[in-house]
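Asker: have a look at this prediction, sequence included:
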Amino acid sequence: MKKYKVTLTAEHCLYVRKWIEGTLSEDVNIRANTASLITVAALAEVALVLRKKEVVYSRQYKITLSPVQAFALCFLYETLPEDRTNHFINRMMQINNEILQTYSI
């Protein structure tokens, strides 16, 4: 499978990283089984990729994710609250749809 490439603004990059780190530190239920552990590991990798990109400030970051990391972002999108009016949440919905379309699910 090919890698998933996405461009994020500095603001979105920060939000995604903080959202991942918050989810990993708070949600104990996510660690219930092996599949969840794989998701947790993939999310931790995504947070690390974003943290490395943020070392050098840029208005936009080009991020390349493995298929597993991309699907972990889809999982994270599924955990969002029902109120989806925020522009960040709308961007995450676009990314989720792109990932699903890229991997034809």
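Answerer: That came through, no problem. Numbering: from 1, shown residues only.

Asker: quick one: the strands in the protein?
Answerer: With strands called from DSSP state E, the chain shows them at 4-9, 60-65.

Asker: how distant is the first one from the center of its chain?
Answerer: Here the centre of mass of C-alpha atoms in strand 4-9, compared against the chain's by Cα atoms, centre = their mean, to the nearest Å, lies 10 Å away.

Asker: adjacent strands (with direction) for it?
Answerer: The partner list of strand 4-9 in its sheet, established with DSSP bridges, is strand 60-65 (antiparallel).

Asker: tell me the pLDDT of I30.
Answerer: As summarised for this prediction, I30 has a pLDDT of 57.

Asker: and the one 3 residues further on, by the same measure?
Answerer: Model confidence at N33, given as pLDDT, is 70.

Asker: do T39 as well
Answerer: The predicted local distance difference test score for T39 is 87.

Asker: that one and T64: what is the separation?
Answerer: Taking Cβ to Cβ, to the nearest Å as the criterion, T39 is separated from T64 by 19 Å. (Glycine included, C-beta is placed from N, CA and C.)
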